[in-house]
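Enquirer: The following comprises the amino acid sequence and a computationally predicted model.
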Amino acid sequence: MDTNSIKSLLTKIFLWFAFILIVIAVVAYFISGYTYSEGNRAGLLIKFHKEGYFFKTYEGELNIGGLQPSPETVGVNLIWHFSVKDEATAQQLKNCEGKYVSLHYHEVLKNFFWQGETNYFVDGVEIVKR
């Protein structure tokens, strides 16, 4: 093999490798941005915080109720974990800890680790009057 054919082969390998990487990146972007479902959940906002070693994300917990206890038993509460991407929604949630809220969310198929810990992303907050 001469030098030109080796360069040509290496160029083809590099172009195929770059093409495959671009396709993988585009597919991952659309999977992480595709809204699988959306809706509202209401309950008591019991925890909201920012966490992470390198990528700080907003995470929260909403007590959405559960089984009502009888006098002899303890009730079981359902806790819903969620993430928040934008700063404005995070600020609203910080002011709502300990209050009953209705949260609008969208669920993605898969998220990147720097977006949040859950696949549920809250993008709207409304305080519920009780």
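Expert: Alright, I've got the coordinates.
Enquirer: And Gly84, how far from Ala18?
Expert: Heads up, residue 84 is Val, not Gly. Between Val84 and Ala18 the computed distance is 35 Å (CB to CB, to the nearest Å). (C-beta placed from N, C-alpha, C; glycine too.)
Enquirer: Gly33 now?
Expert: 22 Å.
Enquirer: Would you mind telling me which of the two has the busier surroundings?
Expert: Comparing Gly33 with Ala18 by other CB atoms under 10 Å, the one with more neighbours is Gly33, at 13 against 10.
Enquirer: from what I can see that one touches Lys110, true?
Expert: No: here Gly33 lies out of contact with Lys110, judged by CB atoms under 8 Å, at a distance of 10.0 Å.
Enquirer: Select the longest strand from this protein.
Expert: In the chain, assigned by DSSP state E, the strand with the most residues is strand 35-51.
Enquirer: mind listing what that strand pairs with, with the direction of each?
Expert: Strand 35-51 pairs in its sheet with strand 57-67 (antiparallel), strand 100-108 (antiparallel), by DSSP bridges.
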